[in-house]
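[1] kindly generate the corresponding structure for this input.
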Amino acid sequence: MAFTLDTTLGELLDNPQAKAVVDQHLPGVSANPLVAMARGMSLNMLLAMPQAAQLGITKEKVEGILAEVNKYVK
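    Now for the predicted structure:
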């Protein structure tokens, strides 16, 4: 299964290989206690939140992470 912008954060973090790539690009995200509230949200939904832009998380950055994840995750 390929990960897309419609993938939920929880689906991404539940896969150990994908989680490792996410943590490499966004250190500490998976360990942040606030992540529990966002696990059911799609990446598109998260990108629409003003906090994403404040943290420098752009659609382009997420697409790059997804491309890398999809290379390594079978």
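[2] so where's the longest helix in this structure?
    Longest helix in the chain by number of residues (criterion: DSSP state H): helix 59-72.
[3] helices or strands next to it in the packing?
    helix 16-25, helix 43-47 (3 or more C-beta pairs under 8 Å, 6 or more residues apart in numbering; DSSP states H and E). (Glycine included, C-beta is placed from N, CA and C.)
[4] contacts for stretch 28-48?
    Residues outside stretch 28-48 that contact it (C-beta atoms under 8 Å, 6 or more residues apart in numbering) are 4-10, 12-13, 19, 22-23, 52, 57-59, 62, 66.
[5] endpoint to endpoint, it covers what distance?
    End-to-end span of stretch 28-48 (C-alpha to C-alpha, to the nearest Å): 21 Å.
[6] and it, average pLDDT?
    For stretch 28-48, mean pLDDT rounds to 94.
[7] over to stretch 11-21?
    Here the average pLDDT along stretch 11-21 is 95.
[8] just how off-centre is it within its chain?
    Stretch 11-21 sits 8 Å away from the centroid of its parent chain (C-alpha atoms, centre = their mean, to the nearest Å).
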